[in-house]
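J.: I need the structure of the sequence given here:
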Amino acid sequence: MDKQKLISFFFDFTGMDLDKLLEGLGIDEKLETQKIQNAVNDFEKYIFKRHAENPSYDGMAKVWKENQVFEELIKIRYTLNSEYKGYEDFKNHLKSMFSSQDFNSVLFFEVMDEFEKCLSDTILDLSTLSKSDVALHKKLHEDTRGEIASLSEQSSKQHQELLEVIKQVQSPDVSDFDWYFEAVELEGRSVNCYELKSQYKDLVLKDVKFWYVNKLWKETLEGEIDRALTWIGFIEDNIKIIDEFSEMGMLKILGDKYVTLYQKSNYQTMKAYLERLNFREHYIQSKAIFEDLFSDGASYKWIVTNKAEIGDIKVGSKLSNTDVEGFKKFYTLDCVGGPAQLVNDFFYEGKSLLVIEGTFKGNKIYTVFEFTTSGQANTRNLIPSRAQSLSDEDDKIIELIENSIKKGLDYDLNKFIDYSSLSKMKHYFIEPLD
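T.: Numbering: from 1, shown residues only. Take a look at the predicted model:
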């Protein structure tokens, strides 16, 4: 165990073929890594038991896992393949990252120190090396790191040139970036805030656009259209009946409900409003849009309901759909018409998504936001240029956006008539007579 552990420490670090080396020395004993894993698991349970009731624990545990603290310390103390020079180097790196984090950093680093000590003690117990041998091994390890660092500095120019070549040919990685979303309550209303996140601080997502899309089901919309036209028919019939009678005649034949409606101070105004806007013609046009949209017999369709032109976005850029301190406000094109008229005219909206389109290293990237009932959002990144398998839904969404770019959008939305205004007409002209 002693020789094997010492050799595995040293040669795992230098990158030599450990399996062949051990075979040549006639050593076939397996590493007792299970004991270290058990120590890690026991420590995690101990910390959870100790700090689970602490309100800072959730935030601390989240940061702990996101930064793979367990894994990195094992690399530093056991496998010795960490990118950091040592424990203090890794610790200082985390401190520089967490200066603005909203969690108990003092508690975080106390727990981290405890785990580092636990891990170091466990590794020491596994080995029968004396403390002087361990110290010597540590010195050899540090000297080796110093030599490698020196060699790295000597070849830094070539190394940087190689990195530049790699950057030019590599495709963006889905893990390279993501959007952070938060719904903020501001003055009694929900405000959507977005921030571009990435481990690469110089990443720029170019020509960004926000696409708001909806999934419309044919069968449901058919029912909504029939209901809207039925309401309009009832409203027109009630007005026609009232116009044919005097107040006395209405009272004798139709009853006091009709008289009460007719005597409202704004009755003539509401009647003129209904006639001037011509609700019937508008909803007949909506029906024609619906029939044209589903003329191919499809059971559902994805449509664009709104769009926002953003431009180039750097990592750390913050965007919001309203005025929020620290965020850049973006503006949507609220006059998208055509099929989007169907979302405007009826209560049913179907499934709603936000798709953020951008370009990175010449590759189109789409981030799909699927909002949950709790006000949060699940995201997924789509890169069509890659040989990745996309779902039917994602294929249709990308096709919709590409076609919208080619054909353009219809900007003839009638903002004076929508489902809300039709509901008000129903409430005024129908419900009092029921």
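
J.: Give the burial count for residue 255, as a bare number.
T.: The local packing of residue 255 (other Cβ atoms under 10 Å) involves 11 other residues. Bear in mind the C-beta positions are built from the backbone N, C-alpha and C, glycine included.

J.: meant to ask about residue 189
T.: Counted with other Cβ under 10 Å, the neighbours of residue 189 add up to 8.

J.: Next one: it, what pLDDT does it get?
T.: With respect to pLDDT, residue 189 has a value of 74.

J.: which residues does it bridge with?
T.: Beta-bridge pairing for residue 189 (DSSP bridges): residue 186.

J.: For residue 214, see how far away it is.
T.: 21 Å (Cβ to Cβ, to the nearest Å).

J.: who touches residue 417 in this structure?
T.: The contact partners of residue 417, taken as Cβ atoms under 8 Å, 6 or more residues apart in numbering, are 277, 279, 282, 345.

J.: Can you show me the helices along the stretch 201-350 of the chain?
T.: In the stretch 201-350 of the chain, the segments counted as helices under DSSP state H, counting those that start in this stretch are 218-243, 247-249, 256-262, 267-277, 279-293, 340-345.

J.: May I see the buried residues of the first one?
T.: Yep, that's helix 218-243 we're talking about. Neighbour counts over helix 218-243 (16 or more other Cβ atoms under 10 Å) mark 221, 224, 225, 228, 229, 231, 232, 234, 235, 238, 239, 242 as buried.

J.: before we move on, what about the last one?
T.: Neighbour-count burial for helix 340-345, with 16+ other Cβ under 10 Å as criterion, is recorded at 340, 341, 342, 343, 344, 345.

J.: tally of neighbours for residue 413?
T.: Residue 413 has 21 neighbouring residues, counting by other Cβ under 10 Å.

J.: before we move on, the earlier item: relative to residue 393, which of the buried residues of helix 218-243 is nearest.
T.: Taking Cβ to Cβ as the measure, residue 393 lies nearest residue 221 of the buried residues of helix 218-243, at 18.8 Å.

J.: measure that closest one to residue 328 for me?
T.: Distance, residue 221 to residue 328, using Cβ to Cβ: 36 Å.

J.: do residue 250 as well
T.: Per Cβ to Cβ, residue 250 is found 59 Å from residue 328.

J.: Next: residue 211.
T.: The gap separating residue 211 from residue 328 is 18 Å, by Cβ to Cβ.

J.: The two: who's more crowded?
T.: residue 211 (21 against 13).

J.: That one contacts residue 358, doesn't it?
T.: No - counting by Cβ atoms under 8 Å, residue 211 does not reach residue 358; the two are 11.2 Å apart.

J.: quick one on the thing from earlier: same list, the contacts of residue 417, but as CSV with pLDDT please.
T.: What follows is the contacts of residue 417, written out as CSV (pLDDT from 0 to 100):
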residue, pLDDT
277, 89
279, 92
282, 92
345, 90
